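Undergrad: What follows is a predicted protein model with its sequence.
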Amino acid sequence: MKNWKTLLASLWLCGCAAVPQGGDDASGRTADSESGQRARAFTDLASAYYTRGQYKVALDELRKAISAENRYGPAYNVYGLIYMELAEDKLAEENFRRAIELDRNDSEARNNLGWFLCTRGRYDEGLEQFAAALRNPLYAYPERAMANAGLCAEQKGDLALAETNLQKSLKLQPDNPTTLLKLAGLRFRQGQVTEAQRLLARHAELAPPTAESLWLGVRVERKLGDRAQEAVYGQQLRKRFPDADETRRLLAGQYE
């Protein structure tokens, strides 16, 4: 679970599971109504506590939001995110679906449900949710669902679909470092090592190194036969991230 949380935090930036920003619900009430304003204020507080890992306080704020307006969809979306992190899968899915039931065009809720399903190995269901999110022409952040669909497809083993979606996401947001890194890793898996090296260099221009980027650098340079640069990446990985899984694989010589 923590590995997925780290990915969520890094990706949006790229925007994996994204905190909702408010909007209309199925009853026609908006966040501008008195009850909607209170629900939105409590939901915004819950979102802030969620991002800081203060889940109990966040849940308390969400209860206040639902008490103020029980058809305020974004509150259920944040409920879903919190329950997802707490590994309360049934509650997470129920709340994401409730948000979508209240607003069929809530693409952020669909994006988050899609990501939840993919992290649980339900890849086809997750990809369906990303596709539904992208069918909304008013979706403000389609690059999010595209990138997530790419990662989901890669987890499924469909590298062609993963490439298509990651490329689409980069076309809309060409300087997103996490998407660049994911595409670099995909290129490496496809045997396009020089292209992986190029994408990795671009990532380095945009963001600090991560355990994932340094480990990929080690393997890329090893494939290309540049032992000096491989050693540089390896040294940085050991120094910056001594407890990372990638460092353990480096020390064990598990390059594949």
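TA: Received it, and whenever you're ready, just let me know what you need. Numbering: from 1, shown residues only.
Undergrad: got the contact list for stretch 211-218?
TA: Contact with stretch 211-218 is made by 181, 184-185, 188, 196, 200, 203-204, 207, 229-230, 233-234, 236-237, 240-241, 244-247, 249-250, 255, as judged by Cβ atoms under 8 Å, 6 or more residues apart in numbering. (C-beta placed from N, C-alpha, C; glycine too.)
Undergrad: switch the cut-off to 6 Å
TA: Leu181, Gly185, Leu200, His203, Glu230, Tyr233, Gly234, Gln236, Leu237, Phe241, Ala244, Glu246 (Cβ atoms under 6 Å, 6 or more residues apart in numbering).
Undergrad: Secondary structure of the fifth one: a strand, I assume?
TA: No: under DSSP: H, G, I helix; E, B strand; the rest coil, Glu230 sits outside any strand and is assigned helix.
Undergrad: Next up, the contacts around it.
TA: Val218, Glu221, Arg222.
Undergrad: can you redo these as JSON lines with pLDDT and secondary structure?
TA: Output for the contacts of Glu230, formatted as JSON lines (pLDDT from 0 to 100; DSSP: H, G, I helix; E, B strand; the rest coil):
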{"residue": "Val218", "pLDDT": "98", "secondary structure": "helix"}
{"residue": "Glu221", "pLDDT": "98", "secondary structure": "helix"}
{"residue": "Arg222", "pLDDT": "97", "secondary structure": "helix"}
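Undergrad: and of the residues you listed, the nearest to Ala149?
TA: Val218 (28.2 Å; Cβ to Cβ).
Undergrad: That closest one: neighbour count?
TA: Using other Cβ atoms under 10 Å, Val218 is surrounded by 23 other residues.
Undergrad: Nearest residue to it in space, please, no chain neighbours.
TA: Tyr233 (4.5 Å; Cβ to Cβ, 6 or more residues apart in numbering).
Undergrad: Buried residues, stretch 218-233. List them.
TA: Judged by neighbour count using 16 or more other Cβ atoms under 10 Å, the buried positions of stretch 218-233 are Val218, Arg219, Val220, Glu221, Arg222, Lys223, Gln229, Glu230, Tyr233.
Undergrad: so which helix or strand takes in Gly114?
TA: Using DSSP states H and E, Gly114 sits within helix 107-119.
Undergrad: packing partners for the helix or strand Arg40 falls within?
TA: Assigning secondary structure by DSSP H and E places Arg40 in helix 34-51. Packing partners of helix 34-51 (3 or more Cβ pairs under 6 Å, 6 or more residues apart in numbering; DSSP states H and E): helix 55-68, helix 73-85.
Undergrad: Mean confidence (pLDDT) on stretch 101-110, please.
TA: The average pLDDT for stretch 101-110 rounds to 96.
Undergrad: could the contacts of stretch 211-218 go into JSON lines alongside distance to Leu91 and secondary structure?
TA: Converted to JSON lines, the contacts of stretch 211-218 look like this (distance: Cβ to Cβ, whole Å; DSSP: H, G, I helix; E, B strand; the rest coil):
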{"residue": "Leu181", "distance to Leu91": "32", "secondary structure": "helix"}
{"residue": "Gly185", "distance to Leu91": "32", "secondary structure": "helix"}
{"residue": "Leu200", "distance to Leu91": "39", "secondary structure": "helix"}
{"residue": "His203", "distance to Leu91": "36", "secondary structure": "helix"}
{"residue": "Glu230", "distance to Leu91": "46", "secondary structure": "helix"}
{"residue": "Tyr233", "distance to Leu91": "42", "secondary structure": "helix"}
{"residue": "Gly234", "distance to Leu91": "43", "secondary structure": "helix"}
{"residue": "Gln236", "distance to Leu91": "41", "secondary structure": "helix"}
{"residue": "Leu237", "distance to Leu91": "38", "secondary structure": "helix"}
{"residue": "Phe241", "distance to Leu91": "33", "secondary structure": "coil"}
{"residue": "Ala244", "distance to Leu91": "31", "secondary structure": "coil"}
{"residue": "Glu246", "distance to Leu91": "32", "secondary structure": "helix"}
